[in-house]
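Asker: sequence and predicted structure below; questions after.
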Amino acid sequence: MAWLLLVVAGLLEVGWAIGLKYTEGFTRLWPSVGTVTAMLLSVGLLGVAMKSLPVGTAYAVWVGVGAVGTAALGIVLFGELASVGRLVSLGLIVAGIVGLKLAS
């Protein structure tokens, strides 16, 4: 259950990171409300997951899921660069997340 909560927390991290773009500096009400809500839920679920997972593993997976998801959505939603080097680097992060899961 802790791993599921951790993945959901990471996905919420993606949500708030992308949401920051839509808040336009927190000048738009509903994107700002959604972003702050996703932030609170993300950190809250990370904290719950850390009750039974090692702090280093939980934090690294949370950040990794957030980084990969945010970079992927940046490519899809905002037309950010999808170079081979960038995609390989994101793949390495995913490999690290899988490795941490297998080692736990």
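Answerer: Received, thanks. Treat the numbers as computed from the prediction; the structure is a model and nothing was measured.
Asker: in stretch 45-58, what counts as buried?
Answerer: 45-46, 49-50, 53, 57-58 (16 or more other CB atoms under 10 Å). All C-beta atoms are positioned from the backbone trio N, CA, C, and that covers glycine.
Asker: can you give me the first-to-last residue distance of it?
Answerer: Distance across stretch 45-58, first residue to last, is 11 Å (CA to CA, to the nearest Å).
Asker: residues contacting that stretch, please?
Answerer: Contact with stretch 45-58 is made by 2-3, 5-6, 8-9, 12, 59, 62, 100, 103-104, as judged by CB atoms under 8 Å, 6 or more residues apart in numbering.
Asker: tell me the contacts of the most centrally placed residue in the chain?
Answerer: The residue lying closest to the centre of the chain (CA atoms, centre = their mean) is G66, at 1.6 Å. Shown in contact with G66 (CB under 8 Å, 6+ apart): 10, 13-14, 17.
Asker: quick one, phi psi at the spatially most distant residue from the centre of the chain?
Answerer: In the chain, the residue that sits farthest from the middle, by CA atoms, centre = their mean, is T27; the gap is 23.2 Å. The phi/psi pair for T27 (degrees, to the nearest 10) reads phi -100, psi -10.
Asker: returning to what we had before: for ChimeraX, what selects the buried ones among the contacts of stretch 45-58?
Answerer: To isolate the buried members of the contacts of stretch 45-58 in ChimeraX, using 16+ other CB under 10 Å:
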select :5,6,8,9,12,62,100
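Asker: farthest-separated two in the contacts of stretch 45-58?
Answerer: Pairwise distances across the contacts of stretch 45-58 (CB to CB) peak at 24.3 Å, for the pair L12 and A103.
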